[in-house]
Structures are given as structure tokens and as C-alpha cells.
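Q: Just need the structure, nothing else, for what follows:
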Amino acid sequence: PFSQIRIITSSSIMKLSLASAAIGLQLYTLSSNPSFALGFTRTTPASFVSPKLTTTTTTLHSTPGESSSILHLTDDQKASPLYLRRPRPIYTPGSIPDPDYVRIFDTTLRDGEQSPGATLTSSEKLDIARQLAKLGVDIIEAGFPIASPDDFAAVKQIGDLVGNEIWEDGYVPVICGLSRANEKDILRAWEAVKGAKLPRVHTFIATSKIHMETKLMKTPAQIIEIATNAVLYAKSLGCDDIEFSPEDAGRSDPEFLYEVLDAVIKAGATTLNIPDTTGWNMPWEFGGLIRQLRENTPGAENVIFSTHCQNDLGLATANSLAGANAGARQLECTINGIGERAGNASLEEIVMALALKGDTHFRDGPGTGRLFTSVNPVYITPTSKMVVEYTGMKCQPHKAIVGANAFQHESGIHQDGMIKNKGTYEIMTPESIGLMRGDSQSGAGIVLGKHSGRNAVSTRLRELGYTLDTDKFNAFFGRFKEIAEKKKGGFEDEELEALVTDQYGVHNTYWEVTGVQVTTGTAGIPTATVTMVEPDGVERYTAKTGTGPVDAVYKAIDEIIGVNVDLLTYSMDAVNAGIDALAIARVSLSPAPSKMGDFSSISIDPNYGQKKERAFSGSGSCTDIIVSSARAYTSALNKMLSWNNIRRGDGANASGSKTPESMSVNGVSAMGNKPQEMIIASGSKITEI
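A: Next up, the predicted model:
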């Protein structure tokens, strides 16, 4: 632990006051229950999707006019251990003061964008780069500047902006540009990234026999000369952070690699990236190659060894971790594992593997073998979703860490275990990777379907406020299984409640409409007077105007109960033909976030795992369409209030009994915002009595 760090770079000296380093270590301390190793709290931070940052511009350079932005977390984020980043060693090209630290090199914007159909605009690249900086990756490979004018502009923009946005802990990402081993490419890459505080040029040339003979038509001696000249030229431009990659190293002759790497080290390379370009290697082969190169390449102790593994055999993550175990201290990867052909090593898999296992399972390399990164996992989910949205490349549901099913459980045996102890089937908390599950799906990713058992179904019913005796539950469970056998996907709460209501007519009713009177027409303002009975039996009424009679009724109901909601859908159907037909109104609504304080109606779609605002639906019937509309609206509000009471632990039971004084939404009582007073309308003025 320490209280101050002095970070010295070629262009700035910053004195930073930090909290104890041990605070950051908390995120990676394994407890007796490994499922909670990365999540100490199940409460939802203020904003995990797009944390609000305050930005100040501070001059950090001696050159007049140059300035950098310093980004600050909000006070709420500082108070949450989920948002604290583990302190990282001072960045120096070619060396890492702590031999246990693993640099994360993200190439989503370069190799990831090479996925067919994954083209990104410059503005999208900038958004992703900033999200990667929130995530805390050490190096962002922003693109291939020579590829097109737009690529150059995008990389330069990222270098000039993201590459100068310094976080209050001193972190600023290295911005890297890729180039082939020729002067034109290298110059273009350097011009694109040189505006960053920490610029890097990454140059490469193939070294495998098949590439040298059939693609490049060069001799081994020519390859060594080209590689050496490329590094020398990059250094002559003023770049002191140079990465070299022998393309297809996984199928290259190790003896030849020793020669090539020796030459580029002498020329000034600071990072040696060893690619398994075709995904050919097994983990033990690739780990062995990294070890061989570190042990047999002259000057290897003066550079950082890196991995870049493709996923053609599904082994990219395994090969990357094998490389780390053998001493590689930079791992190249992409968000969601996107990339050429079958993709790259997945950043989220590498980061979480090191977070969970890095302390105990990597003892074959330098240092103590207690490997760690400074990536903040809480940003994994929002970053993954951003990449999906911008590239259009969706993750398969069973994708590790970020797939829709990664934290969902349908097997009855698994659900029973999750309800009793989440550590039985989850080795990390979804909150630790930014998936704030909250109360949705029983707070345990329970997806009710045909494989669900009695414990999972009965638990969810109790959470929804329905307590059925044994005989009734047995009958209900049989009906549930019958429908689940025919239904694709999981049951949503609304469907489960509808099944209970259909089976037994059980409702959680708090408020009841007892009277509705409206005046409307072309000559006046639509006005509604509504009378309601609250849970403790007291009658309340008020009058409101609206754009139409239904709108006026709904505004009156809102005022009586004391809620603010958004009406999502409204429909009206006639049961049969004729002037006296029974009208059925159906509505769905959700709390208005800006007006309901911290009331949360977030739920997770059981079929796709996507977060969404919970919608509360209701229906009502009457031969009078205004009355049926009022009943439908009140039914939906009762469900919303029931849901909130359950979240607070105050809820009603299935028979409909409840404690009136406990029913509230953020301090707004389910009995109304003025529970001891009657409200009447007096013209346009509301008078309290």
C-alpha cells in the first residue's frame, strides 16, 4: 500500500494522490465462496452503462498551448469497489517494473474490424476507444492507417483525443497503429499516432516457410533485412515504442525466429508479438514456443513478449493463457473475440480467467506467478454491447462471460442450487462484469421453462406476491409444465401472473375504482371525476382535465394514488357485436424514471438476456368504455405497486392481503401521497381538506 505515486514520462510529471493500493486489490481477492470473488455488493451502481465523468483540461506539457483532459469518476463510483481500478505499474516501453503484471492489448478496432461485415465509422471507433479506456486496457490498436484515408483519420482522431485523456489515477492508454514492414506504411502509422501521449507503431512481416516462399517470395535473409530496416526507420521517426510481429510465428521455424527477433531487438523493438496467425497451435505447443523464444533469443530480457492468437480451432484464449504462463506479459485480444475468420482471443475471457485464476495457476514464468491486470471488469458488459451494436455482430447465446445465457439457469437442479447458494453454479457474479441482475429472475438468473423444478417456480411465485397452499400449487405446477412443454423460450413474470389469475382468479388488489364521471365533447375541455377506495378502505376522489376523457381519467388516478408513469400501450376490443357489447381495455405502463426517483423496473428478457424496462400490464372490462379503461389502468398500477413492495420486502401475499402502510413507491404511499387527507376539485384548484 502507498499513498502517493510519482509518474514520470518524457512529456509530463504528475503527482497523484491515491487511496491505498489494497483497495484496488479487493476486486481480485478470492473468498471462500469463489462466486463472490469479484462482487461484494448486489446493489446497482448509479450508472453502469455509461458512467458520468467530469472532465477538466489541465496543461501537462512544457510546450505552450498543449493540454490534456483529466477524467474523474463521480463520487458515487468512487464509493463503489466495483469501479475501483487496480493500480498499474508505470508504463515504460520494453519493460514492466512488476513482472506479474500483464498488459492487455486490445485490437478490436483493427483486427476486430477485419471481420466481414464489421466496418465501423470514425465516430463509432472513437466511441469504442473511449469505452476501452473506461475498461482500462493498456494498449488500443486503433487501426491500420495506410488502409484508407478514413482509417488514417480515425486512428489520428483516437490518438489526438483518447490518447490525451488522462484519468485521475494517471492512466492513459497507449495508442497503436499497425503497418507493414515498409517505410510508406510506417510513416503513415506514425503520423496517425504521434499526437498521443503514449504512441506506438506495430510493424510485421511473415516468417513461416509457406508465407515467405508463396506470398512474399523472399529468402530468410531478405526477411531479416526488411524487418530490421522497418524497426530502424520507425525509430528514426522518433518512435521509442515499437512492436514487431513475425506473422505466422506459430508455423515458423523456431531457429529462424531466434535470428529475426535478435535482429529487431538490436534495431530497437521494445515488444515482440508472437502470433498464432492461423490458430494452428495447441496450448502446450504455443506455451512451449514462448518459453523457447524467451530462453534462446539474445536480448529477450530487454523486451516484452506478447501473444496474438486466432481462434480457428477454438483455442485462442487457451493459447494466450499458455503464453502468459510461459512468460508473455502482453496479451492481444478483442471484445467478444471478433476478428478474421473464426476470430481472436476474447478479451473478456482472458481478463476474467486472470482475475479468477491469475493468483494461483501461472507459476511457470517470471515473477511470483501471481498474474494480474488493471482492467476493470465492471465495464465488460457495456463494452461488449457497444461492439455488438456498432458492428452488427451478435454474440452466440452461450458465449462465455457476455453471452445471453452466461448467467441464466433453466435446469431444475441448477435452479434449486442457485436459489440456495449462487456459488453452486456461478464462479463469478454477473455484477462483477457489469451485468446488474438485481431482483430480476429471482436475483439468480432463473429462467422458468419446461426443465424448471418446484423450488424455482414456487420461489418466483412468492417473489411476485402469490402464496399457494400445497394442493393449489401442485395443480398450478402441473398446468405450468403443460404449457412450458409447448412454449418456446422462458416464462416472463407477466405470463406467470396471468397463469395464476387464470387458474385461481388470484389478484393483488390495492386500489379499486368505485366511480367515474366524465364530461367531454367539442364545446368544452374533457374533465373526469374519479372516486377510488384505497387499501385501508378510505374513499378518495379528485377531478382532472385532459386531452380526452380517458386521458383525464388517467391523470385523476395518478393524482389520487400519487404516481407518475409512462403509458406504453392502450387498446380497446369489443367481446361481441352490438351497441351493448362488453368492452375490454388493455394497457401496459412503466414507471417514469425521471419522476419516480430510484424506483427500478429493470428486468432481463429470458430468451435473449437483454435488459429492458419492466412493463406492467392490466385489463378491465365493462359495457362503458371509460370505466373499462379506468379498471385496466388501475389493474396495471396495482401490479406495479405489488412489484415495488416485493422488492422492498413489504409485499402482499397471494390471497391479496397486505399491510397498507407498507405500500409505497419511493416514499409515495400505495395509499396515495396524502394518505390522511381527502382531495376534492374546486374549479382548476386542488384544495386539501
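Q: sec struct for Ile584, please.
A: The three-state label given to Ile584 by DSSP: H, G, I helix; E, B strand; the rest coil is strand.
Q: now it: how far from Val530?
A: Between Ile584 and Val530 the computed distance is 20 Å (C-beta to C-beta, to the nearest Å). (C-beta placed from N, C-alpha, C; glycine too.)
Q: again, but for Arg103
A: For Arg103, the distance to Val530 under the criterion C-beta to C-beta works out to 64 Å.
Q: Could you check which of those two is surrounded by more residues?
A: In this comparison of Arg103 against Val530, neighbours counted by other C-beta atoms under 10 Å, the higher total goes to Val530 at 26 against 22.
Q: In terms of helices and strands, where is Lys385?
A: When elements are assigned from DSSP states H and E, Lys385 belongs to helix 380-391.
Q: who's in contact with that helix?
A: When contacts are defined by C-beta atoms under 8 Å, 6 or more residues apart in numbering, helix 380-391 is touched by residues 48-50, 108, 112-113, 115, 117-118, 120, 124, 127-128, 131-132, 134-135, 335-336, 338, 347-348, 351-352, 393-395, 401-402, 433-435.
Q: same thing but at 7 Å, please
A: Residues outside helix 380-391 that contact it (C-beta atoms under 7 Å, 6 or more residues apart in numbering): 48-49, 108, 118, 120, 124, 127-128, 131-132, 135, 335-336, 338, 348, 394-395, 401-402, 433-435.
Q: what are the C-alpha coordinates of that helix, in PDB please?
A: Written as PDB, here are the backbone C-alpha positions of helix 380-391 (Å, rounded to 0.1, in the frame of the first residue of the first chain):
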ATOM      1  CA  ILE A 380     -17.100  -5.600 -19.800                       C
ATOM      2  CA  THR A 381     -20.800  -5.900 -20.400                       C
ATOM      3  CA  PRO A 382     -21.400  -2.300 -21.700                       C
ATOM      4  CA  THR A 383     -18.300  -2.500 -23.900                       C
ATOM      5  CA  SER A 384     -19.500  -5.800 -25.300                       C
ATOM      6  CA  LYS A 385     -22.900  -4.400 -26.000                       C
ATOM      7  CA  MET A 386     -21.500  -1.400 -27.700                       C
ATOM      8  CA  VAL A 387     -19.300  -3.500 -30.000                       C
ATOM      9  CA  VAL A 388     -22.300  -5.700 -30.900                       C
ATOM     10  CA  GLU A 389     -24.400  -2.600 -31.600                       C
ATOM     11  CA  TYR A 390     -21.800  -0.900 -33.800                       C
ATOM     12  CA  THR A 391     -20.500  -3.900 -35.700                       C
END
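Q: got a list of contacts for stretch 623-639?
A: Contacts made with stretch 623-639 from outside it, assessed by C-beta under 7 Å, 6+ apart, are listed as 508-511, 513, 516, 518, 530, 549-550, 553-554, 557, 561, 563, 572, 580, 582-589, 616-622.
Q: sorry, back to before: just the buried ones from the contacts of helix 380-391?
A: 48, 108, 118, 120, 124, 128, 131-132, 135, 335-336, 338, 348, 395, 401-402, 433-435 (16 or more other C-beta atoms under 10 Å).
Q: Mind checking which of the residues you listed land in helices?
A: When helices are assigned by DSSP state H, the members of those inside them are Glu124, Ile128, Gln131, Leu132, Leu135, Glu348.
Q: Give the buried residues for the longest helix along the chain.
A: As assigned by DSSP H, the longest helix anywhere in the chain is helix 625-648. Taking 16+ other C-beta under 10 Å as the basis for neighbour counts, the residues of helix 625-648 that come out buried are 625-647.
Q: and the closest residue to Ala615 other than its chain neighbours, how many residues sit next to it?
A: The shortest distance from Ala615 to any non-neighbouring residue, by C-beta to C-beta, 6 or more residues apart in numbering, is to Ser588 (4.5 Å). Applying the criterion other C-beta under 10 Å, we find 17 residues in the vicinity of Ser588.
Q: can you check Met532 too?
A: Met532 has 22 neighbours, counted by other C-beta under 10 Å.
Q: Would you double-check that it falls in a helix?
A: No: when classified by three-state DSSP, Met532 is found to be strand rather than part of a helix.
Q: hang on, the earlier thing: of the ones in helices among the buried ones among the contacts of helix 380-391, closest to Lys486?
A: Glu348 (35.7 Å; C-beta to C-beta).
Q: Would you confirm that that closest one contacts Lys399?
A: No: under the criterion of C-beta atoms under 7 Å, Glu348 makes no contact with Lys399, lying 8.8 Å away.
Q: where does the stretch 401-550 of the chain have low pLDDT?
A: Low-confidence segments of the stretch 401-550 of the chain (pLDDT under 70): 438-445, 465, 488-489, 494, 498, 501-509.
Q: do that again at 80, thanks
A: Within the stretch 401-550 of the chain, the ranges that satisfy pLDDT under 80 run 409-410, 415, 419, 436-447, 460, 462-467, 483, 486-509.
Q: can you check the stretch 1-150 of the chain too?
A: Counting by pLDDT under 80, the stretch 1-150 of the chain has low-confidence residues at 1-84, 117.
Q: make it 50
A: When residues are selected by pLDDT under 50, those of the stretch 1-150 of the chain lie in 1-66.
Q: which parts of stretch 515-533 are buried?
A: For stretch 515-533, the buried set under the neighbour-count rule, 16+ other C-beta under 10 Å, comprises Val516, Val518, Thr520, Pro526, Thr527, Ala528, Thr529, Val530, Thr531, Met532.
Q: Can I get those in JSON lines including distance to Trp280?
A: As requested, these are arranged in JSON lines below (distance: C-beta to C-beta, whole Å):
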{"residue": "Val516", "distance to Trp280": "74"}
{"residue": "Val518", "distance to Trp280": "76"}
{"residue": "Thr520", "distance to Trp280": "76"}
{"residue": "Pro526", "distance to Trp280": "74"}
{"residue": "Thr527", "distance to Trp280": "77"}
{"residue": "Ala528", "distance to Trp280": "74"}
{"residue": "Thr529", "distance to Trp280": "78"}
{"residue": "Val530", "distance to Trp280": "73"}
{"residue": "Thr531", "distance to Trp280": "77"}
{"residue": "Met532", "distance to Trp280": "72"}
